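Asks: Next come a sequence and a model predicted from it.
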Amino acid sequence: MSSPVITRFAPSPTGYLHIGGARTALFNWAFAKHAGGQMLLRIEDTDRERSTAAAIDAIIEGLTWLGLDWAGEPVSQYGRAHRHREVAELLLAQGRAYRCFCTPRELEQMRARAEAEKRPIRYDGTWRDRDPADAPTGVRPVIRFKAPQAGETVIDDQVQGRVVIPNKDLDDLIILRSDGNPTYNHSVVVDDHDMGVTHVIRGADHLTNAARQMQIYLAMGWRVPVMAHIPLIHGPDGAKLSKRHGALGVEAYRAMGYLPDAMRNYLARLGWSHGDDEIFSTEQLVAWFGLENVGKSPARFDFAKLENLNGHYIRHTPDAELLRQFLGFLPHAEGGKAMLAKIDEAMKAKMLQAMPGLKERAKTLVELMKGAAFLFATRPLTMDDKARQIMADGGKAALQSMLPVLDAARVWRAADLETAVKAQAEAAGLKLGKLAQPLRAALTGTTVSPGIFDVLEVLGREESLARLRDQVS
RNA sequence: GCGCCCUUCGUCUAUCGGUUAGGACGACAGCCUUUCACGUUGUAAAGACGGGUUCGACUCCCGUAGGGCGCGCCA
């Protein structure tokens, strides 16, 4: 029996939980749960300017919405700075690190020169073996890790395989800034070690960092955790995921009306697979998840598939539960709060009644919201001047002739009504090209509606049907 | 520029040396439905390229091309 698995999700508070981060969290979570272990949450908040309470809340809320939990309280990396400093001093004392007195300006010049000469951009090791007595006055030094210069660093990655990086390509990284604060690569190692993390699962953008971090583990004589670098998510064009491609926070997806279950399912399938299984429960994900089934190539984000999946989850969620989720979604939706304010118990009952017809047509909760809008229309429905004119011009006759058809149909949508009215009008020899739009608005009270007969069903068929006839005649 | 990684239908993927290269989304066509949606049936659609290794390569090796990531006193 091996030691319990401990994974961690370690986002930096950027203001929202990035979709890629959400998937990383999901993988960490699923892996830990699968192994009967647990996931920890650490906020990489050493960049004080970015680390606001709101940014941290966004991460926690995003994870919670996705249904991912973690053990214990979130760890603040910044809060552990003293420990990072302590380890840096230890490395210094052991001769595994040294003080570097180069100024940022000098380093910049060094980089510029290297670039101009087409040389690898790397710290040249000026202070690596230089006598600290040569130190210029007035320069606060940083502490650099004394990285091995020969040989290679090998990462036995669970996803990427055996990755070999020549040590000559890794320079002496700064572990402690001149202001005494630790840098990322150093903090990560100290924290992961101290927190007992057994498996580090993170984005492939950290692969090179893994090599540098491993050198620190080795220098400290610490056990190196199992590494797994999962491929990044790309945009539809194969390039980096941009804002317009979906590089949004999970909050944005929530606002777009995606169900957390659908999101979780979609994200899990992005880069991971279990044979031909496409739709699976969280329990199945946990039961099936393994690093060996994570692919190595980046996956493109595909809204069409997400939407399809979301539609499936909406359709398969029991009405009452869907209503509950819908109500919880409204505060996050554009215009949702206004709708929420109009929802009382009676309205909830109506919505529940209309739900079977509604959810069949909605791929997102936003569509569900639009679909439900007809329930809020005030009655009797009113016609605007334009509609009235059209009715006088022959629209009334056309519509009247349609009543038997309307009556027979179980469900009508505004868009369909438009088509049907046009067809009917043409058959009657009427010029009603412009009839549909205003008529639609007039009859349903909204521009988007699942249709008249949904209204009738919910309000009471007889009465409303009579009211509709009144309007037309 | 240097290092590392990636490459099967448009997209997500299965395949772990021998398959008619399978599934899903999307697309198209039909059925169901007096509309839409749902459902359902079917069609088109892939191993980047070039060399090897092997009786046999999508699968293993090398190269080329294309793409990605990294190279901060950011994380």
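Replies: Alright, I've got the coordinates.
Asks: what about chain A, any weak spots by pLDDT?
Replies: A:1-2, A:242-247, A:374, A:377-473 (pLDDT under 70).
Asks: 90 instead, please
Replies: A:1-3, A:14-16, A:46-55, A:102-139, A:235-249, A:346, A:349-358, A:360-361, A:370-473 (pLDDT under 90).
Asks: Please enumerate the strands of it.
Replies: For chain A, the strands defined by DSSP state E occupy A:6-9, A:38-43, A:75-76, A:97-100, A:142-145, A:152-157, A:161-166, A:174-176, A:199-203, A:226-230, A:233-234, A:299-300.
Asks: which helices and strands sit right next to the third one?
Replies: Under the contact criterion of 3 or more Cβ pairs under 8 Å, 6 or more residues apart in numbering; DSSP states H and E, strand A:75-76 touches strand A:38-43. Just so you know, the C-beta spots here come from the backbone N, C-alpha and C atoms, and that holds for glycine as well.
Asks: Please apply the same query to the fourth one.
Replies: With contacts defined as 3+ Cβ pairs under 8 Å, 6+ apart, strand A:97-100 has these neighbours: helix A:81-93, strand A:142-145.
Asks: re earlier: with respect to RNA strand B, which of the strands of chain A lies nearest?
Replies: strand A:299-300 (3.3 Å; Cβ to the nearest atom of the strand).
Asks: Note down every partner strand of that closest one and its orientation.
Replies: strand A:233-234 (parallel) (DSSP bridges).
Asks: Output the strands of chain A in JSON lines, with distance to RNA strand B appended to each entry.
Replies: JSON lines is the format used below for the strands of chain A (distance: least, Cβ to the nearest atom of the strand, whole Å):
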{"stretch": "strand A:6-9", "distance to RNA strand B": "12"}
{"stretch": "strand A:38-43", "distance to RNA strand B": "8"}
{"stretch": "strand A:75-76", "distance to RNA strand B": "11"}
{"stretch": "strand A:97-100", "distance to RNA strand B": "7"}
{"stretch": "strand A:142-145", "distance to RNA strand B": "5"}
{"stretch": "strand A:152-157", "distance to RNA strand B": "8"}
{"stretch": "strand A:161-166", "distance to RNA strand B": "5"}
{"stretch": "strand A:174-176", "distance to RNA strand B": "4"}
{"stretch": "strand A:199-203", "distance to RNA strand B": "8"}
{"stretch": "strand A:226-230", "distance to RNA strand B": "8"}
{"stretch": "strand A:233-234", "distance to RNA strand B": "6"}
{"stretch": "strand A:299-300", "distance to RNA strand B": "3"}
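Asks: where's whichever residue of the stretch 201-350 of chain A sits closest to RNA strand B relative to residue A:156, distance?
Replies: For the stretch 201-350 of chain A and RNA strand B, the shortest gap (Cβ to the nearest atom of the strand) falls at residue A:297, measuring 2.9 Å. As judged by Cβ to Cβ, to the nearest Å, residue A:297 and residue A:156 stand 20 Å apart.
Asks: now swap in residue A:350 and tell me
Replies: In terms of Cβ to Cβ, residue A:350 sits 60 Å off from residue A:156.
Asks: and what of residue A:276?
Replies: For residue A:276, the distance to residue A:156 - Cβ to Cβ - is 30 Å.
Asks: Same check on residue A:335?
Replies: Following Cβ to Cβ, the distance that separates residue A:335 from residue A:156 is 52 Å.
Asks: Also residue A:203?
Replies: 18 Å.
Asks: if you compare the helices and strands packed on strand A:97-100, which one is most tucked away?
Replies: strand A:142-145 (a mean of 25; mean count of other Cβ atoms under 10 Å).
Asks: What strands flank that one, and is each parallel or antiparallel?
Replies: strand A:97-100 (antiparallel), strand A:174-176 (antiparallel).
Asks: Would you mind finding the most buried of those strands?
Replies: strand A:174-176 (a mean of 25).
Asks: Give me the contact list for it.
Replies: The contact list for strand A:174-176, computed with Cβ atoms under 8 Å, 6 or more residues apart in numbering, reads A:84-85, A:88, A:91, A:97, A:100, A:142-145, A:182-183, A:185-186, A:216.
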